[in-house]
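**Student:** Give me a 3D structure for the following:
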Amino acid sequence: MYVKNILCVIFETQPFTMQHLKPIIEQNKQRYIDELIELLKIPSVSADPAYREDVFKTAEKIKEKFISIGLDNAQCIETPGYPVAYAEKIIDASKPTVLVYGHYDVQPADPIELWDSPPFEPVIKNEKIYARGAADDKGQMYMHVLAVQNMLENNCLPCNVKFLIEGEEEVGSDNLEGFVKKHKELLKADVILISDTAIIDNENPSITVGLRGLSYVEVEVTGPNRDLHSGVYGGAVANPINVLSKMISSMFDENNHITIPGFYDDVQELSATERASLAEAPFNEEAYKEELQIEAVYGEKGYETRERCSIRPTLDVNGMWGGYIGEGAKTVLPSKAYAKISMRLVPNQSSDKITELFTKHFESIAPKGVKVKVKPHHGGEPLVVPTDFDAYKAAEMAMQQTFGKKPVPERGGGSIPIVALFEKELGLKSILMGFGLDTDDIHSPNEHYGIFNYLKGIETIPYFYQYYAEMKA
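**Tutor:** Reported below is the predicted structural model:
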């Protein structure tokens, strides 16, 4: 049976406060874990049509949870792609409203053979839950649902709340812009709260105040009209894989600076003072290398490791294929070669402009004897969150309350394209109060989420509501 109002019995003469939720969380720890495990068993892979039914099933499961905890207007709202799970609780129209954003879709689990356990059969090891989507974003999203459940169960929700949980974040949120434009009245709020980011570590909390943007493209290089015998034709006909490899390598100079003309034109350079401020966050480069089992870090000359993955733009090949990749040998000169390439962007860079610059440059460096195509997939804009407004201060106070230490404002290296969309279409700032760790292996085999982090999120989120409501009163 779900434990609720336990301290209202023990402390009959005392008003119920957020501090009283901690023992309730401890009492219900196993239930929280079990519920998340059931959610993680559903392979809601939005990128693969083979999992279409599972993605819809996950949306329905979230809607059912919304209904069971007493939220109103719970529904799965259709989009041209996968549905948005929505619900709300308006306790008083005069009070502020927090719009919680999360996503229920997950990355593909490939390569399956590198997982220590099946990706959709969650296991617990070393106080961590291992499964695809554990940290990104089912575990972090579900913390919010349970936190609101606890506040509702114990009559201490201090302001209004709305949930927008989408199913296409991992494929670029292509249909979310249309959804947001169509449902502006439904989504009216005062601030957006998101947990899809990380903290520095479990002893040093942080709040993400910057995100990189994204330009994601797929390229195709075509040589001869069919695969050829590499002995008969090798050396006389352009090999698309060889050509593609050279084209990609030419996009970096000896300092790992990207050579696409105009790529850095709009990059916002940070001052020495700003860079020094970012460097105050705890970071152990030796531990970083040891955890990744690498001998040395690698990247753009003139920048520290943390700067390279937060305040500098990048270009990375995410996948490359062509020719014969099966068992044994096949001496073939392939007709085609492909690569998927992502470019992380920093403030003032535009995803559309960077995609255009990449396309123009890629086409210009193709040698005679091959044809090239660039297919844009999705993009998103970079963002910096201010630290001098009430919602940020509420998040800061909430984390200080539960971690016992003031969180560090930190720039993140990842991309959440909808944050800029929310600001543009709804005029709302977002608070990126995540509880994951960079070592959670999101997007990789053996993704996991710490039970400590999961429970700490459930404990911390109600304090955000309390402090934010007090500031807006």
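**Student:** Give me the secondary structure label for the closest residue to Lys57 other than its chain neighbours.
**Tutor:** Here the nearest residue to Lys57 in space, its sequence neighbours aside, is Ile42; by CB to CB, 6 or more residues apart in numbering that works out to 5.7 Å. Glycine gets a C-beta too; all of them are placed from N, C-alpha and C. Taken by DSSP: H, G, I helix; E, B strand; the rest coil, the conformation at Ile42 corresponds to coil.
**Student:** State the number of residues packed around Ile42.
**Tutor:** Ile42: 20 surrounding residues under other CB atoms under 10 Å.
**Student:** Check it and give its pLDDT.
**Tutor:** Residue-level confidence at Ile42 comes out at 98, pLDDT.
**Student:** who's in contact with it?
**Tutor:** Applying CB atoms under 8 Å, 6 or more residues apart in numbering, one finds that Ile42 lies in contact with 54, 57-58, 61, 120.
**Student:** swap the cut-off to 10 Å and go again
**Tutor:** With contact set as CB atoms under 10 Å, 6 or more residues apart in numbering, Ile42 has these partners: 51, 53-55, 57-58, 60-61, 104, 106, 120, 133, 138.
**Student:** my guess is Ile69 meets Asn154, correct?
**Tutor:** No: proximity of Ile69 to Asn154 does not meet the contact threshold set by CB atoms under 10 Å, at 12.0 Å.
**Student:** where exactly do the helices run in the stretch 151-300 of the chain?
**Tutor:** Assigned helices in the stretch 151-300 of the chain, in chain order: 176-182, 230-233, 240-249, 272-278, 285-292 (criterion: DSSP state H, counting those that start in this stretch).
**Student:** Nearest residue to Tyr392 in space, please, no chain neighbours.
**Tutor:** For Tyr392, the nearest residue in space outside its immediate sequence neighbours is Ile431; the separation is 6.3 Å by CB to CB, 6+ apart.
**Student:** Mind pulling the model confidence for the one you found?
**Tutor:** The score at Ile431 is 98. That number is its pLDDT.
**Student:** Listing request: residues of this structure with sub-threshold pLDDT.
**Tutor:** Across the chain, the ranges flagged by pLDDT under 70 are 1-15.
**Student:** May I have the residues that are in contact with the residue of it most remote from its centre?
**Tutor:** No residue in the chain has its C-alpha farther from the mean C-alpha position than Val232, which lies at 48.1 Å (CA atoms, centre = their mean). For Val232, the contacting residues are 331, 333, by CB under 10 Å, 6+ apart.
**Student:** how far away is it from Asn242?
**Tutor:** 17 Å (CB to CB, to the nearest Å).
**Student:** And Asn73, by the same measure?
**Tutor:** Distance check for Asn73 against Asn242: by CB to CB, it reads 58 Å.
**Student:** More neighbours: which of those two?
**Tutor:** Higher neighbour count among Asn73 and Asn242: Asn242, with 16 against 13, using other CB under 10 Å.
**Student:** separation between the residue at minimal distance from the centre of the chain and Tyr86?
**Tutor:** The C-alpha lying nearest the average C-alpha coordinate of the chain belongs to Asp196 (CA atoms, centre = their mean; 4.9 Å). Separation of Asp196 from Tyr86 (CB to CB) stands at 18 Å.
**Student:** What of Ile248?
**Tutor:** 42 Å.
**Student:** Do a quick rundown of the helices in the stretch 351-473 of the chain.
**Tutor:** Using DSSP H, counting those that start in this stretch, helices in the stretch 351-473 of the chain cover 351-364, 390-403, 418-426, 451-472.
**Student:** Off-centre distance for the longest one?
**Tutor:** It stands for helix 451-472. In terms of CA atoms, centre = their mean, to the nearest Å, the gap separating the centre of helix 451-472 from the centre of its chain is 20 Å.
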